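# Got a predicted model here, sequence first, then my questions.
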Amino acid sequence: MSRERVERRLAAILAADVAGYSRLMGEDETVTAQALREHRAAADPLIAEHGGRIVKTTGDGLLVEFVSVVGAVQCSIALQRLAAERNATVLAERRMDWRIGVHLGDVLIEGDDILGDGVNIAARLEGIAERGGICISEDAFRQVRGKVDAEFDDIGEQSLKNIARPLRVYRHRVLSAAATELPASALPLPDKPSLAVLPFQNLSGDPEQDYFADGMVEEITTAISRLPWLFVIARNSSFTYKGRAVDVKQVARELGVRYVLEGSVRKAGNRIRITGQLIDTTTGAHIWANRFDGALDDIFELQDQVAGNVVAAIEPKLRQSEIERAGRKPTESLDAYDLYLRALAEFHKLSLDGYRACIALLRRALEIDPSYMPAAGLVGWCRIRQRGLGAVTQAEIGEAVALARQVIASGKDDPDALWMAGFTVAALAGEPLMGMSSIERSLALNPNSAIAWSAEGYTQYFINRPERAIDAFERAIRLSPLDPLGYLFTGGLAFAHFAARRYGEAMKWTDRALGEQPRFPPAVRLKVALCGHLGRLDERNRWLQRMLDLDTGLTIASFQASIETYLPPDMRANYIEGLRKAGLPEE
């Protein structure tokens, strides 16, 4: 009996999938599926251009065969550059990042399909790649070394699932969205020590503990930021690098800092280990490193140690009292603290479901510790964001305002709680002067909070001080130049220029805010009002329709009622006049 001949050939195999695709689908199936279709429509021509043949697609997965491994690697780099370009204006939580693996090996031919260890190895390499990253086998690396314009790091032998022997793997450095933009001048260094605290790695082996590592970084960032002599980049800009292998010199150029703090958090049972290292980005030298071990009961003391040691490394001559001021201990209840960290993780999802989950966690934290002011303040900010989406009741607004007043009256010097409470009474209770007092108290404690400066800017706008508002928003942008919430800063600049009746400048900043977040309702409404004032009839109808799509049933009367609580009469009249000129119905 003759054995049927098996057809084989040598091929370069590219395997790719979308990192976090299940989470994206769980949040919004329709939007995610459409985004994937659009991305593949843009990617297919690149694959053909580099000589690839799409063997099959499975959900978010992609298997491509090449006759040349150089073509496969060049295509991988091109695909990641395309993804970074498309992600440049997308919120971090909704970005579609590819992971890619490339291997050169023997494959079995079965019709149009390919099978065998060569395919399996490519798939396993894709599985260990980072978001936006590429992993290639040693066989592939030998063929492309010196032939492609790219740098690879040898990450040693890796044990891949269901692959018999360990395999040496090379990793291409991850592309950030900023790396695809046209070359720009590096941001100038401030005239005082400058620092970015990058996301710490979660080494607990449990993805559910990401919230703890992220919350730890936020607390350490805030502790360090409270020193007025130190320029600290805001959390949201630093977290754009989460899940990416970063070049600290690139971080320095993009954020305008001299020092970068990296680290990791390992939580096991009641024990925690925090490691940190401080890097001088001008030389790449590690100028400080340390490890802190302790029980969760000592979590605040550990934060103080990390913050204090970083401060001492940057400026050895500082007095010990200044180092001690780097810490803050908002509550002695670890249960309430843990709930607050979980609430922060939900808030940063920037979705209605996230806000609802955030509120539920904050209420639990306040049940445990009614005096925990950060939780009380965050309730108000959640309600402000919900009101912008038309998803809050008057009773919920009343609850948020009551909590905000409690924060302001408590006298606790927690800068985050103070700006959130101040912004809440300014935006929801129509009391901007009281709100500004609280926000300015927050900024005195922590002058490096970009979002607090943004709250200051909006509150100055509420009382028709556009020039002061512009100064505040410009400060926010400088402190957090890569902030996913940056549309709040650019949108704020648009409103400030509108208040000053500089309509052309306001339109420029409105367009920038809409480029960063096309569904930001205040910016859409301002765009319509500006079209009315500037007589841009060609744009008016399109934006008027978009505004009504976002806010169904909006009329002059309903909008006027909604802004009466926080805008003075002359500003309301000017805003309404622009909307009326643009054609918004009266009733």
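Yep, that arrived.
# Show me how far stretch 355-362 is from its chain's centre.
19 Å (CA atoms, centre = their mean, to the nearest Å).
# outside of that stretch, which residues touch it?
For stretch 355-362, contacts defined as CB atoms under 8 Å, 6 or more residues apart in numbering pick out 339-340, 342-344, 346-347, 375-376, 378-379, 382, 385-386, 391. Bear in mind the C-beta positions are built from the backbone N, C-alpha and C, glycine included.
# pLDDT averaged over it, what's the number?
Averaging pLDDT along stretch 355-362 gives 93.
# Tell me the buried residues in it?
Within stretch 355-362, the residues that count as buried by 16 or more other CB atoms under 10 Å are 355, 357-359, 361-362.
# quick revisit: can you tell me which of the contacts of stretch 355-362 is closest to Leu198?
Leu344 (17.2 Å; CB to CB).
# returning to that earlier point: which one of the buried residues of stretch 355-362 is nearest to Val70?
Once CB to CB is applied, the member of the buried residues of stretch 355-362 that ends up nearest Val70 is Ala357, at 47.6 Å.
# Can you list the strands that the helix or strand hosting Val64 pairs with?
If you go by DSSP states H and E, Val64 is part of strand 61-66. Here strand 61-66 has these sheet partners by DSSP bridges: strand 8-18 (antiparallel), strand 52-58 (antiparallel).
# out of these, deepest packed?
Comparing the strands paired with strand 61-66 by mean neighbour count (mean count of other CB atoms under 10 Å), strand 8-18 ranks first with a mean of 22.
# And for the helix or strand following that strand, what's in contact with it?
The C-terminal neighbour of strand 8-18 among helices and strands, as given by DSSP H and E, is helix 21-27. Applying CB under 8 Å, 6+ apart, the contact partners of helix 21-27 are 18, 32-33, 36, 59-60, 94, 96, 349, 351, 353.
# which element follows helix 21-27 toward the C-terminus?
helix 29-49.
# Strand 61-66 and that following helix, what's the angle between them?
Compare the direction of helix 29-49 with that of strand 61-66 by axes from the mean of the first three to the mean of the last three CA atoms, to 10 degrees and you get 0 degrees.
# Does anything pack onto helix 29-49? Which helices or strands?
helix 21-27, strand 52-58, helix 69-87 (3 or more CB pairs under 8 Å, 6 or more residues apart in numbering; DSSP states H and E).
# In it, which residues are buried?
Going by neighbour count (16+ other CB under 10 Å), the buried part of helix 29-49 is 32, 35-36, 39, 43, 46-47.
# cool, and stretch 465-476?
For stretch 465-476, burial by neighbour count (16+ other CB under 10 Å) applies to 465-466, 468-476.
# what does stretch 57-71 give?
So stretch 57-71, judged by 16+ other CB under 10 Å, has buried residues 60, 62-66, 68-71.
# Minimum distance to Leu493: which of the helices and strands packed on helix 29-49 has it?
If you check each of these against Leu493 by CB to CB, helix 69-87 wins as the nearest, at 24.0 Å.
# sorry, back to before: and of the buried residues of stretch 57-71, the nearest to Ala429?
Asp60 (45.7 Å).
# Not counting its neighbours along the chain, what's nearest Asp44?
Nearest in space to Asp44, with sequence neighbours left out and distances taken as CB to CB, 6 or more residues apart in numbering, is Ile54 at 7.2 Å.
# Beta-bridge partners for the one you found, please?
Here Ile54, judged by DSSP bridges, has bridge partners Val64.
# so how far is Cys358 from the closest residue to Leu445 other than its chain neighbours?
Closest residue to Leu445 apart from its sequence neighbours, by CB to CB, 6+ apart: Pro415 at 4.1 Å. For Pro415, the distance to Cys358 equals 20 Å [CB to CB, to the nearest Å].
# Same check on Ile384?
12 Å.
# Mind pulling the model confidence for the nearest residue to Leu352 once chain neighbours are set aside?
Nearest-residue entry for Leu352: Ala391, 5.7 Å, with adjacent residues in sequence omitted and distances by CB to CB, 6+ apart. For Ala391, the pLDDT comes out at 78.
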